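J.: My questions are about this predicted structure, shown below with the sequence.
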Amino acid sequence: MSKTVAIRGTFLDFIDDPWHHVGAEEKAARFFADGLLVIEDGRIKAFGAYKDLSARYAGVETSHLIHRLILPGFIDGHIHVPQTRILGAFGRQLLGWLQFSVFPEELKYKDRSYAQEGTRRFFDNLLAAGTTTCQAFTCTFPVATDVFFEEASRRNLRVIGGLTGIDRNAPPEFMDSAENFYCDSKRLIGQYHKQGRNLYAITPRFAAGASSALLSASSRLLKEHPDCWVNTHVSENPSEIRTVRTEYPECDDYLGVYEKYDLVGPRFSGGHGIWLSNDEFARLSRLGAAVVFCPLSNLFLGSGLFRLGRATDPACRVRIAFGTDMGGGNRFSMINVLDDAYKVGMCNNTRLDGSVDPTFQDTAEAERNKLSPYRAFWSITLGGAEALYLDDNLGNFDEGKEADFVVLDWNGGPPATAWHQSLVAENGGPQTLGQAAELLFGIMMVGDDRAVAETWVMGQRLYKRN
Ligand code: GUN
Ligand code: ZN
């Protein structure tokens, strides 16, 4: 017996990329002040104005969510499960932070019960932030990857994840051999990839922590399982990049290392990409690969300022997802990611030393750097889904897609948020797309995850704020 339910309320989603509609970004969005979302067995059966659909679905059990704005669930394109307990580690940039804060904590995930506790807390935090899908790094130990997929399955979340391989530049007890990485990944792919909503990413941690044997193992896995994802880091931090140059002197640049092992193509994503050259951006664009913009982490670890305007150049547009990179990022919330992403964009490629990136072009690039609410919320819904090749199932409220959504409460943040939003709120909520966009900008710049009232997955409510 199929089960049909409906949600009535105010909805906003996207049908196109707002960067394609400069000066008329609203054309990329869809808004119903009084809308209806009909869900059958977890998938969207119908979506539209309440007045158009209500007669057809009159008998369906309907929840009416008032004073709320409903969006597709947020997608976090880059996050680390076993860093849940080290958010907010003081005082080091990437390589020192990995050695002193990250590897010792991730080592504990060798133990199944520790991994279970951490992974449960990880998913509790994600859902409380309105994130319904993530692409996640687990760690070196297969049991942590098992626990990740078990816990995601228990909650019926769509996730991408994978055993995270490292065999260089880490303490011996934290590394594993390329051979074990190959065998364990192979077993995990067989057990979890495309089982339920689980998807598998072959995950060499980063070129600075991967021998040629480990990247060859990744390459072999991809050849044997071409429908898997590939997830890693790229060009994040200047010291890291120097290490990669030393380890792979035969490659012209950082991306070239992954290209050498045939890892770059559709469903490849590299986190950060702060220091990618114009040529590397052009190659990513041609190959259909993605970069994940992680501004919380890029600032928290002092890695640098991502060139969003460059990455979105229509002449060589790169697929971009946004991510927290928690624990490199100091929050779980994609709303906080948007806050920092906006501020990075406003810097217009000023380097951290105050100089301006010499390749910074012109006013067109400055314009593309500006993170309007349309660009922002597209990036963490449909844009993220497109970047990660998940848009057949996720990203907006199109019929047939999986019914994952977040219910926002614009009064849910600090008092200043409510005050800022009071004009719209007084009318019982946004009545037009323009008002909704203004409200969303207020939420991303003044609010935080307290604006998340409820999170729904496959038509079931999994989180409700107290
Ligand atoms: N590069 C390799 N491992 C990591 C990690 O855990 N976090 C970040 N931000 N960069 C990395
Ligand atoms: Zn990362």
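T.: All right, it came through fine. Ligands and ions are numbered 1, 2, ... in the order given.
J.: Tell me, please, where in this structure the pLDDT is lower than the cut-off.
T.: Residue ranges of the chain with pLDDT under 70: 349-361, 423, 425-426.
J.: Write out the residues of it neighbouring ligand 2.
T.: 271, 325 (C-beta under 5 Å from the ion). C-beta: built from backbone N, CA, C; applies to glycine.
J.: 8 Å - rerun?
T.: 78-80, 137, 233, 236, 271-272, 294, 297, 323, 325, 328 (C-beta under 8 Å from the ion).
J.: Now intersect those with the helices, please.
T.: residue 297 (DSSP state H).
J.: quick check, nearest of the residues of the chain next to ligand 2 to ligand 1?
T.: Distance to ligand 1 across the residues of the chain next to ligand 2 (C-beta to the nearest ligand atom) is lowest for residue 328, with 3.2 Å.
J.: okay, now the nearest residue in space to that closest one that is not next to it in sequence: neighbour count?
T.: Once flanking residues are discounted, residue 328 sits nearest to residue 297: 3.5 Å by C-beta to C-beta, 6 or more residues apart in numbering. Residues lying near residue 297 (other C-beta atoms under 10 Å) number 28.
J.: Surely residue 297 touches residue 336?
T.: No: in this structure, residue 297 is not within contact of residue 336 by C-beta atoms under 8 Å, at 11.2 Å.
J.: Identify the contacts common to those two.
T.: Common neighbours of residue 297 and residue 336 (criterion: C-beta atoms under 8 Å, 6 or more residues apart in numbering): residue 324.
J.: follow-up on the earlier one: considering only the residues of the chain next to ligand 2, which also neighbour ligand 1?
T.: 80, 233, 236, 297, 325, 328 (C-beta under 6 Å from any ligand atom).
J.: From residue 246, how far off is the closest residue to residue 224 other than its chain neighbours?
T.: Leaving aside its sequence neighbours, residue 224 sits nearest to residue 186 (C-beta to C-beta, 6+ apart; 7.6 Å). Taking C-beta to C-beta, to the nearest Å as the criterion, residue 186 is separated from residue 246 by 30 Å.
J.: The lengthiest helix in the chain and ligand 1 in contact?
T.: In the chain, with assignment by DSSP H, the single longest helix is helix 112-128. No: using C-beta under 6 Å from any ligand atom, helix 112-128 never reaches ligand 1; the gap is at least 14.0 Å.
J.: circling back to that earlier point, OK, contacts around the residue nearest to residue 328?
T.: Residue 297 neighbours (C-beta under 8 Å, 6+ apart): 272, 303, 324-326, 328-330.
J.: go again using 10 Å as the cut-off
T.: Residues in contact with residue 297 (C-beta atoms under 10 Å, 6 or more residues apart in numbering) are 78-80, 94, 236, 271-272, 303, 323-331, 337, 340.
J.: And it, how far from residue 323?
T.: Where residue 323 is concerned, residue 297 sits at a distance of 8 Å (C-beta to C-beta).
J.: Over to residue 203?
T.: Distance from residue 203 to residue 323, by C-beta to C-beta: 14 Å.
J.: Check the separation of the first and last residues in stretch 83-98.
T.: 11 Å (C-alpha to C-alpha, to the nearest Å).
J.: do stretch 383-401 as well
T.: First-to-last residue span, stretch 383-401, C-alpha to C-alpha: 15 Å.
J.: buried stuff in that stretch?
T.: Neighbour-count burial for stretch 383-401, counted by 16 or more other C-beta atoms under 10 Å, picks out 383-391, 393-398, 401.
J.: cool, stretch 369-381 as well?
T.: Result for stretch 369-381 [16+ other C-beta under 10 Å]: buried residues 369, 371-381.
J.: residue contacts, the residue nearest to residue 302 when sequence neighbours are not counted?
T.: By the measure of C-beta to C-beta, 6+ apart, the closest residue to residue 302 outside its immediate chain neighbours is residue 93, 5.2 Å from it. Shown in contact with residue 93 (C-beta under 10 Å, 6+ apart): 236-240, 300-303.
J.: start to end distance for stretch 39-52?
T.: 16 Å.
J.: before we move on, what about stretch 86-100?
T.: Start-to-end, stretch 86-100 (C-alpha to C-alpha) is 11 Å.
J.: In it, which residues are buried?
T.: Buried, per 16+ other C-beta under 10 Å, within stretch 86-100: 86-87, 89, 93-95, 97-98.
J.: ok, which pair from the residues you listed is furthest apart?
T.: By the measure C-beta to C-beta, 87 and 95 form the most distant pair in the buried residues of stretch 86-100, at 18.9 Å.
J.: so how far is ligand 1 from residue 203?
T.: From residue 203 across to ligand 1, the span is 10 Å (C-beta to the nearest ligand atom, to the nearest Å).
J.: Contact partners for that residue?
T.: The neighbours of residue 203, taking C-beta under 10 Å, 6+ apart as the test, are 135-139, 145, 160-166, 181, 185, 218, 221, 228-233.
J.: Go again with 6 Å.
T.: Listed by C-beta atoms under 6 Å, 6 or more residues apart in numbering, the contact partners of residue 203 are 162, 164, 231.
J.: Helix, strand, or coil at the last one?
T.: Judged by DSSP: H, G, I helix; E, B strand; the rest coil, the three-state class of residue 231 is strand.
J.: Touching, it and residue 201? I think so.
T.: Yes: at 3.9 Å, residue 231 and residue 201 qualify as touching, with contact defined as C-beta atoms under 6 Å.
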